[in-house]
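> fold the following.
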Amino acid sequence: MEKDKIFRLLLNYDDNAREDISIVSIVGLGGLGKSTLAESVFVLDKMANNFEVRAWVHVSKEFDLGKIGSAILKSINSSINLDNCSLQFLQENLKKELAGRRYLIVLDDLWEEDADKLERLKQMLQHGCKGSRVIVTTRNQRVVNKMSTGVLVNQRKICPVPNSDQINLCVLSTDDCWEVMKQTAFGPDDDKSDLEEIGRKIVEKCGGVPLVAIALGQVMSELRTVEAWKKIRDTNIDLGHRDHKDTLERLMLSYYYMKLEFKMCFTYLAAFPKGFVIDSDRLIQQWKALGYIHGDDGKRCINYLMGMSFLQISRSSAVLDTQDVHNRGHG
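Numbers count the residues shown, from 1 in each chain. Here you go, the predicted model:
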């Protein structure tokens, strides 16, 4: 339903619309699938056919206009030399590259609440053709509220869609969360009879957050005994308010039961910022040099962490058919 709504908001543009460029916001707790939802729309062939320019920018907590501008320009025109360039250079070239072109830009994981900084960001993006779209994913409704203020919004140059069209993601029902966990925890031919009842109790610890269900399901797939699953079921965690800290606490349960030989590899990823693109072979070499893994364990560990959704194939490198992964940084 949400995907269809975004699809409609992106493609149903009107030359007589009051605003030139619309901002579509996806709001929800960490781990609910905001980025996954945005990506599922971003990669569609219809988007390539309807938007001359597409760019994906991972923003995160460190709001840096220079980095955001550079990432967009790099996606549009990789031949531009961006080494040590000024913010003015970025703005001038963005104006040149975006002018007269309909674009789709995703600002993933936006945290900034400063209205002045957000106004400068909108100024950077205002030069697209009418019908251009910006998708913002954020955990914070205040970010969306601040995006709705400023000179450019008043001029209808670039402004968020009405609140009724905002995408608000909610936690999953227990049954839906179990369906997510079950896909990871069980193979297609597994006998589920002695484990399903325990699994349904474990899923209550996920708080309806699919990322937690996937991470726990991956751990459960490696611990295929009734005793192991009962241990996970009986581990106490605080089921307090559903906020960012609560999501991290739920994820700690999957870390606690993670394979011992992979724990050090996982904690090593804390050295990289969220969204950092890492060459998988280089990462494996670093793990080996530190003595965390041996032999062919590197690829097993990469696949294990990808199965937990703690790593994923990077969008930029997937086009080049390389084996880069990036750190999702969910804590």
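
> what's the burial count for residue 203?
Using other CB atoms under 10 Å, residue 203 has 26 other residues around it. Heads up, the C-betas are built off the backbone N, CA and C, glycines and all.

> that one falls within a helix, correct?
Yes: under DSSP: H, G, I helix; E, B strand; the rest coil, residue 203 sits within a helix.

> that one reaches residue 181, doesn't it?
Yes: between residue 203 and residue 181 there is a contact at 5.3 Å, judged by CB atoms under 8 Å.

> find residues that contact each of these two.
Residues touching both residue 203 and residue 181 (CB atoms under 8 Å, 6 or more residues apart in numbering) are 213, 216.

> for residue 26, helix, strand, or coil?
The local conformation at residue 26, judged by three-state DSSP, is strand.

> what about it, how many neighbours?
Other residues close to residue 26 by other CB under 10 Å number 24.

> contacts only, for it.
Counting by CB under 8 Å, 6+ apart, residue 26 touches 2, 6, 34, 37-38, 135-138, 167, 169.

> in the sheet, who's paired with it?
residue 137, residue 167 (DSSP bridges).

> give me the pLDDT value at it.
Residue-level confidence at residue 26 comes out at 96, pLDDT.

> mind checking how far it is from residue 214?
Applying CB to CB, to the nearest Å, the value for residue 26 to residue 214 is 19 Å.

> next, count neighbours for residue 151.
Number of residues near residue 151 (other CB under 10 Å) recorded here: 10.

> quick one: contacts for the residue nearest to residue 34 when sequence neighbours are not counted?
Of all residues not flanking residue 34 in the chain, residue 137 sits nearest, at 4.0 Å (CB to CB, 6 or more residues apart in numbering). By CB under 8 Å, 6+ apart, the contact list for residue 137 reads 25-27, 34-35, 38, 106-110.

> swap in residue 177?
Residues near residue 177 by CB under 8 Å, 6+ apart: 171, 203, 206, 208-210, 213.

> show the model's pLDDT score for the spatially most central residue of the chain.
Geometric centre of the chain, nearest residue: residue 35, 3.3 Å, by CA atoms, centre = their mean. Residue-level confidence at residue 35 comes out at 91, pLDDT.

> any idea how far it is from residue 157?
Note on residue 35: its distance to residue 157, by CB to CB, is 27 Å.

> fine by me, thanks again.
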